[in-house]
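**Student:** Got a sequence here, can you build the structure:
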Amino acid sequence: MTLMADYRDAYCRSLADPDGFWLPAAEAIDWVTPPTRAVDADHAPLYRWFPDGVLNTCYNALDRHVDSGRTALVYDSPVTGSKATFTYRELRDEVALFAGALAGLGVATGDRVIIYMPMVPRAVVAMLACARLGAIHSVVFGGFAPKELASRIDDAKPKVIVAASAGIEPTRVVEYKPIIDEALRLSEHQPDTVVITQRPQAVAEMGARDVDWDDLTATATPHDCVPVPATHPAYILYTSGTTGRPKGVVRDTGGHAVALAWSLKAIYDIGPGDVFWTASDVGWVVGHSYIVYAPLLAGATTVLYEGKPVGTPDAGAFWRVIAEHGVQALFTAPTAFRAIKRVDPDATELAKYDLSKFRTLFLAGERLDPETYHWATEKLGVPVIDHWWQTETGWPICANLRGLEPMPIKPGSPTVPVPGYDVRILDGVGAELPAGQEGAIAIKLPLPPGCLPTLWGDDQRYIDSYLSTYPGYYLTGDGGYVDEDGYVYVMGRTDDVINVAGHRLSTGAMEAVLAAHPAVAECAVIGVHDSLKGQLPRGFVVLKAGAEIDEQTLRDELVAAVRRDIGPVAAFRDISVVNGLPKTRSGKILRKTMRGIADGRDEPVPSTIEDAAVLDALRPILRT
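**Tutor:** Numbering: from 1, shown residues only. Next up is the predicted model:
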């Protein structure tokens, strides 16, 4: 695979000549039958990529790298005190054996397997074993509530569920088996078998259809890779925060492999033998793409971390992992760095570790506020790269392409659209807006390879949800603008734009002002109903550890800063100092839930929440 040296040339070619751009990129993948076409528009707007290609993702992720002798996976678990490494050969052998075990349970190409696992190597093994068979996996974040798990079981209709007996948190053990049993009691669909990995911290009681992983693999025979069409579904991933019937994002096999292999080098500048650590979870899209598939497709070493940025055991946890395993690039969420900054604002823990091999920090998952950007840049002394993407796209929409053409960093911007993404800023009627004007961020179809081709079992729902607002475009649901240099600024979800007395204002812009205060660790601004002005902004701030400032003084300074930087029109005067903000397990602040409570609605606790106690503590404040 040869990357073009110039971003603008690559970007223009990717839009003007998708075949000429993506077919050469596809040469980085080993095909059973190489594709002769890149994009298939015969059934637009349901585009398909590499329609005549045949391949196996597991072969590309493991088997073809076996003879290199390199390390594929490093497991580091401070919550259990255990570590392990797997060469490509060792990981391939484990995956082939478990694929054989699944095949022995009747799992075949096209069957679904739900994986309900913590951050342990067997979660990766299970995902790749499904890919080896051509089965379709759906990873559900370990610890999801029974009702949410049941809805995903009924939607995916798995033949087998693969699970662990427990997940390990810093202060508690979460038993998974009772959750699974209750989910199966609630679900209409019943899988044939539940495969359990027993963890010593909580051994599960086994039922009639349950089988122990070790017992199952003891009599299994390793299974070869099964070739599948490029358009065959690789996995289903349910979007976080869905209510009612879940929304299953489908990822195809060929486009997924090509896009991830291309992106790891072009965006993250990671190649064979490099050590890449994505501090996320395999239950989220980030874990699918950049813990499991992209690093292994590229022949790199991936780090699987079962721990937290702080508290396992301290705010130096990330620095230890980087130093100990020779990590060259880290990809995590801004909220992780805000947590570190809050506990250790002077980064005193950092001085204990040798980070000489570390060269880039990538952040995504939530808007990177300039204050966190500056803190991380100052303390680490390496480029801090914001980039933006979604569960639906599976890989970055906008980025600073470190392996293609590194660009000047503008704090607050994820830089430019990635080749393949025709990003436009549209007004309410679909007209394109000029540079500097804020509107809805949309992507002109077709989406590049690796993005969702549809939703599981429902093409019409895919069209209605994403393609109907602006015909010919995919609606991202985010608002923002593009500056004169072509840099994109993502200001937040379009429902985070509030209307104050007829003035449309971005809560993201207000948050940036609050985050710049030296005493503020993290913050959120929401719009709440006001009978006079329609909506008014309310701010919530969490202080840095050791911050010494009178709360009224802080409020006065923050109100003055918003008035100075946004203007009096924002009518910003209501701000609360709180101990924590409610977040999903992937780090997104639950602003929509906060808005609902503030507006008097009886908002349920979302299934994706990290710590329900934080939301419970905030409810009385929101209701005042």
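**Student:** thought Phe362 was touching Gln328?
**Tutor:** No. In this structure Phe362 lies outside contact range of Gln328 using C-beta atoms under 8 Å: 11.3 Å. C-beta: built from backbone N, CA, C; applies to glycine.
**Student:** which stretches of the stretch 201-350 of the chain form helices?
**Tutor:** Secondary structure of the stretch 201-350 of the chain by DSSP state H, counting those that start in this stretch: the helices cover 213-218, 253-266, 285-287, 294-297, 317-325, 334-343.
**Student:** Minimum distance to Cys130: which of those has it?
**Tutor:** The closest of the helices of the stretch 201-350 of the chain to Cys130 is helix 253-266. By C-beta to C-beta, the value is 11.4 Å.
**Student:** Which strands or helices does the closest one pack on?
**Tutor:** helix 18-25, strand 48-49, strand 54-55, helix 57-61, strand 228-229, strand 233-238, helix 294-297 (3 or more C-beta pairs under 8 Å, 6 or more residues apart in numbering; DSSP states H and E).
**Student:** For the fourth one, give the mean pLDDT please.
**Tutor:** The one in question is helix 57-61. Mean pLDDT, computed over helix 57-61, is 98.
**Student:** what does the next helix or strand after that helix rub up against?
**Tutor:** For helix 57-61, the succeeding helix or strand toward the C-terminus, using DSSP states H and E, is strand 71-77. Residues outside strand 71-77 that contact it (C-beta atoms under 8 Å, 6 or more residues apart in numbering) are 62, 65, 82-88, 90-91, 119-121, 124, 168, 275, 296, 301-307, 321, 324-325.
**Student:** pLDDT below threshold where in the chain?
**Tutor:** 1-5, 240-244, 494-497, 499, 501-504, 532, 586 (pLDDT under 70).
**Student:** How many residues are close by the spatially closest residue to Ala101 that is not a sequence neighbour?
**Tutor:** Closest residue to Ala101 apart from its sequence neighbours, by C-beta to C-beta, 6 or more residues apart in numbering: Ala220 at 3.8 Å. As a burial measure, Ala220 scores 18 neighbours (other C-beta atoms under 10 Å).
**Student:** For Ala220, give me its contacts.
**Tutor:** Applying C-beta under 8 Å, 6+ apart to Ala220 gives the contacts 97-98, 100-101, 104.
**Student:** what's the answer for Gln390, then?
**Tutor:** 285, 397, 476.
**Student:** Can you verify my assumption that Leu452 contacts Arg461?
**Tutor:** No. The criterion here is C-beta under 8 Å, and Leu452 misses it with Arg461 at 11.6 Å.
**Student:** picking that back up, torsion angles phi and psi at the residue nearest to Ala101?
**Tutor:** Per-residue torsions, Ala220: phi -80, psi 160 (degrees, to the nearest 10).
**Student:** That one and Asp93, how far apart?
**Tutor:** 12 Å (C-beta to C-beta, to the nearest Å).
**Student:** same thing with Val310?
**Tutor:** Val310 is 36 Å from Asp93, by C-beta to C-beta.
**Student:** More neighbours: these two, which one.
**Tutor:** Val310 (21 against 15).
**Student:** nearest to Val520, of the contacts of Ala220?
**Tutor:** So of the contacts of Ala220, ranked by how close each gets to Val520 (C-beta to C-beta), first place is Phe98, at 47.0 Å.
**Student:** and the closest one, how many neighbours?
**Tutor:** 26.
**Student:** list the buried ones in the helix or strand harbouring it?
**Tutor:** Applying DSSP H and E as the criterion places Phe98 in helix 88-104. Within helix 88-104, the residues that qualify as buried by neighbour count (16 or more other C-beta atoms under 10 Å) are 88-92, 94-103.
**Student:** same question, stretch 55-71
**Tutor:** For stretch 55-71, using 16+ other C-beta under 10 Å, the buried residues are 55-63, 65-66, 70-71.
**Student:** cool, and stretch 274-293?
**Tutor:** So, applying 16+ other C-beta under 10 Å, buried residues of stretch 274-293: 274-293.
**Student:** Go through those residues and flag which are in strands.
**Tutor:** 275-278 (DSSP state E).
**Student:** Pull the contacting residues for His137.
**Tutor:** Per C-beta under 8 Å, 6+ apart, neighbours of His137: 112-115, 126-127, 130-131, 234-236.
**Student:** again, only using 6 Å
**Tutor:** Each residue near His137 by C-beta atoms under 6 Å, 6 or more residues apart in numbering is listed here: 113, 115, 127, 130, 235.
**Student:** how much space is there between it and Leu102?
**Tutor:** Relative to Leu102, and taking C-beta to C-beta, His137 is found at 10 Å.
**Student:** cool, and Thr278?
**Tutor:** Here the criterion is C-beta to C-beta. By it, Thr278 lies 26 Å from Leu102.
**Student:** Kindly report the same for Ala519.
**Tutor:** Ala519 is 53 Å from Leu102, by C-beta to C-beta.
**Student:** One more: Pro408?
**Tutor:** 49 Å.
**Student:** Going by secondary structure, the closest residue to Arg623 other than its chain neighbours is in what exactly?
**Tutor:** Setting aside the residues directly before and after it, Arg623 is nearest to Ile597 in space (C-beta to C-beta, 6+ apart), at 6.5 Å. Using DSSP H and E, Ile597 sits in helix 591-598.
**Student:** And Val174, by the same measure?
**Tutor:** Taking DSSP H and E as the definition, one finds Val174 inside strand 173-175.
**Student:** Who are the packing partners of that strand?
**Tutor:** strand 166-168 (3 or more C-beta pairs under 6 Å, 6 or more residues apart in numbering; DSSP states H and E).
**Student:** Contacts for the strand it packs on, please.
**Tutor:** Residues contacting strand 166-168 (C-beta under 6 Å, 6+ apart): 79-80, 118, 142-143, 173-176, 199, 201-202.
**Student:** which of these has the most neighbours?
**Tutor:** Ranking these using other C-beta under 10 Å puts Pro118 first, with 27 neighbours.
**Student:** mind checking which of the helices and strands packed on helix 253-266 is nearest Lys533?
**Tutor:** If we rank those by C-beta to C-beta, the stretch that ends up nearest is strand 233-238, at 37.5 Å.
**Student:** which residue packs closest to Phe86, ignoring adjacent ones?
**Tutor:** Leu73 (4.4 Å).
**Student:** what are the bridge partners for the one you found, then?
**Tutor:** Listed beta-bridge partners, Leu73: Phe86, Thr302 (assigned using DSSP bridges).
**Student:** tally of neighbours for it?
**Tutor:** As a burial measure, Leu73 scores 23 neighbours (other C-beta under 10 Å).
**Student:** any idea how far Ala570 is from it?
**Tutor:** 49 Å.
**Student:** hang on, Leu361 packs against His387?
**Tutor:** No. Under the criterion of C-beta atoms under 6 Å, Leu361 makes no contact with His387, lying 11.1 Å away.
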